[in-house]
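In: sequence below, structure please.
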Amino acid sequence: MATQPTPEQDARVQQAVGNLLRAGVLLAASVVLAGGVVFLLRHGGSVPDYRVFRGEPMDLRSFGGIVRDAFSGSGRGLIQLGLLLLVATPVARVAFTAVAFAFERDRTYVLIALLVLSLLFKSLAG
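Out: Below is the predicted model of the structure:
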């Protein structure tokens, strides 16, 4: 049976969700900015050839490759990692709210949050 959260508990959950979203976006933006600075320092003077299309390198097409490149100091890897963090932020929000609803013993909203989370994972997987 669902228990009604007190207004203080509800406010704390809302504040925690807001802090989670704020921290996720700031972290992602910082990582992208750092990657942009590294990329420009290393490749800022090169002239692009727009006549030939070059897609993403193979190492930046998988999670493991992105993490490896980011931790090796690659500007492109850092930018890609920042974008992954930005995508992960709302996913973390849904997971956090599912846990918060579980602490409130609100089964209906736990199931809804888990359904949304599973749809997010399915859409991200391809």
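In: check which residues of the helix or strand hosting S123 are buried.
Out: Using DSSP states H and E, S123 falls within helix 107-125. Neighbour counts using 16 or more other Cβ atoms under 10 Å place 110, 113, 116-117, 120 of helix 107-125 among the buried residues. All C-beta atoms are positioned from the backbone trio N, CA, C, and that covers glycine.
In: next: stretch 41-52.
Out: By 16+ other Cβ under 10 Å, stretch 41-52 has no buried positions at all.
In: CA atoms of that stretch as PDB?
Out: Provided in PDB are the C-alpha atoms of stretch 41-52 (Å, rounded to 0.1, in the frame of the first residue of the first chain):
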ATOM      1  CA  LEU A  41      44.800  22.900 -29.400                       C
ATOM      2  CA  ARG A  42      45.800  19.800 -31.400                       C
ATOM      3  CA  HIS A  43      43.800  20.300 -34.700                       C
ATOM      4  CA  GLY A  44      42.700  23.900 -34.700                       C
ATOM      5  CA  GLY A  45      45.100  24.900 -37.500                       C
ATOM      6  CA  SER A  46      44.100  22.100 -39.900                       C
ATOM      7  CA  VAL A  47      42.000  22.900 -42.900                       C
ATOM      8  CA  PRO A  48      39.000  20.500 -43.400                       C
ATOM      9  CA  ASP A  49      38.500  19.000 -46.800                       C
ATOM     10  CA  TYR A  50      34.700  19.100 -47.300                       C
ATOM     11  CA  ARG A  51      34.900  17.300 -50.700                       C
ATOM     12  CA  VAL A  52      35.500  13.900 -48.900                       C
END
